[in-house]
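Pasted the sequence and its predicted model underneath.
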Amino acid sequence: MIFFECPYCAATLEIGEGRAGGSMTCAFCKGQVEVPKPSKPRRYGEYDLEEDDGRPRGSSATLGKLTAADIEELEEVEEPRKKKRRRPKMEWQLFVGGFGFPWSPGAVMQWLLIAIWATAAGWLAQSAIALGIHQALGGANLNQSILALLAGMGALMAGVALAGIAAIHGMTILLETTAGNDRMENWPNVGLFLDWIGDLWFIFNTATLSVVLGLGLDWLLPGLLATREWTVAIMVFFVFPILLLCSLESGSPFLPVSAIVFASLGRHGIAWLAFYLQAGSLLALAAAMVYYFAPWLEPRLAIPLAALLFSAVVMIYFRLLGRLAFYCSVEPEEEEE
């Protein structure tokens, strides 16, 4: 294990040696911290390096050992080595780091947590509809109207909580994956609402702006697609990830503009295309499953299954977006030939 101190809050952190050189999120202040590498003896080839103690060089006392001054002399006479620049390969395979993420160790409980909230919201909404929520205010049966209103209010509250919990988990997955973490270790505590309410602005502002842009496109080009809903949905699909990464890059949910992100659209166009293909396949598969299997199931059973599917889609989508952001943010490494 590696023990080190957080540079922001001075908390003592520990992590496995396999994560050395990477980054992690501080469990106390949520800051992105670089994991230091374990100190090792400096070596030059097969020689141990020692501090220059002023003794004559080449004497029997220093035979077989090199000092820093000896290294400088050797480097002066060595021919400069050729260097080439390369981009590091992605660390995760498609199905292991992407589509299989909700069922990976450490993520299963979070997947079930989101699904539970989605199931509660769905059951309450289904109960309100069955009790006649649309006729509650003018219904003759007072008791049924009260129950319908209570179920409707419960569904609304559960839906708001579901949106917040799903969004903060998505943000955590996105930030941790962008930092290069293969396994999530610092999941948000859903009970500490005030600790993560600010991060939700990145998701909700981006989603709202994407919908507004979709409505604007439908207004400028009416009849572009079959319906307004299709125009807005397709616009959100393509614009939302760009605006979200722009907001995170600028550090403000109210400033979804970033020259770095816009430049990556051209510089890493293949990576963006791969993300859209994977995200499109994910959404199409989820929609097909709901369309073909929901009519065959009872509502009480269909709702929890749809909730499990919804939870998985959210986690996979932000995992894929984090992998894209990680790839686009890593600078090419210098490698000696």
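Alright, I've got the coordinates. Residues are numbered from 1 along each chain as shown.

where's Ala288 relative to Leu309, distance?
11 Å (Cβ to Cβ, to the nearest Å). For the C-beta atoms, the positions are set from N, CA and C on the backbone; glycine is no exception.

Which one of these two is surrounded by more residues?
Here Ala288 and Leu309 are compared on neighbour count by other Cβ atoms under 10 Å; more neighbours surround Leu309, at 18 against 10.

what's the longest helix seen in the chain packed up against?
The longest helix of the chain (DSSP state H) is helix 142-178. When contacts are defined as 3 or more Cβ pairs under 8 Å, 6 or more residues apart in numbering; DSSP states H and E, helix 142-178 sits against strand 23-25, helix 108-130, helix 193-196, helix 200-220, helix 228-250, helix 299-329.

Recalculate using a threshold of 7 Å.
On a contact count with 3 or more Cβ pairs under 7 Å, 6 or more residues apart in numbering; DSSP states H and E, helix 142-178 meets helix 108-130, helix 200-220, helix 299-329.

and the longest one, what does it pack onto?
Read it as helix 299-329. Checking 3+ Cβ pairs under 7 Å, 6+ apart, helix 299-329 ends up next to helix 108-130, helix 142-178, helix 269-293.

now those in a markdown table, with mean pLDDT and distance to Met184?
Formatted as a markdown table, the helices and strands packed on helix 299-329 follow (pLDDT from 0 to 100; distance: least, Cβ to Cβ, whole Å):
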| stretch | mean pLDDT | distance to Met184 |
| --- | --- | --- |
| helix 108-130 | 89 | 8 |
| helix 142-178 | 87 | 5 |
| helix 269-293 | 90 | 19 |
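
what would those look like in a markdown table with distance to Val239?
Output for those, formatted as a markdown table (distance: least, Cβ to Cβ, whole Å):
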| stretch | distance to Val239 |
| --- | --- |
| helix 108-130 | 24 |
| helix 142-178 | 16 |
| helix 269-293 | 11 |
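
tell me the domain boundaries of this protein?
Here the domain assignment for the chain is 2-34, 43-80, 96-336, based on automatic domain parsing.

right, and Ile173 touches Tyr317 too?
No. Ile173 lies out of contact with Tyr317 (Cβ atoms under 7 Å); the separation is 9.0 Å.

Looking at those two, which has the bigger crowd around it?
Ile173 (26 against 22).

OK, contacts around the more buried one?
184, 315, 318-319, 322 (Cβ atoms under 7 Å, 6 or more residues apart in numbering).

So it versus Thr12, what's the distance?
In terms of Cβ to Cβ, Ile173 sits 26 Å off from Thr12.

same check, this time on Val33
From Val33 to Thr12 the distance is 12 Å (Cβ to Cβ).

So between those two, which is more surrounded?
Comparing Val33 with Thr12 by other Cβ under 10 Å, the one with more neighbours is Val33, at 21 against 9.
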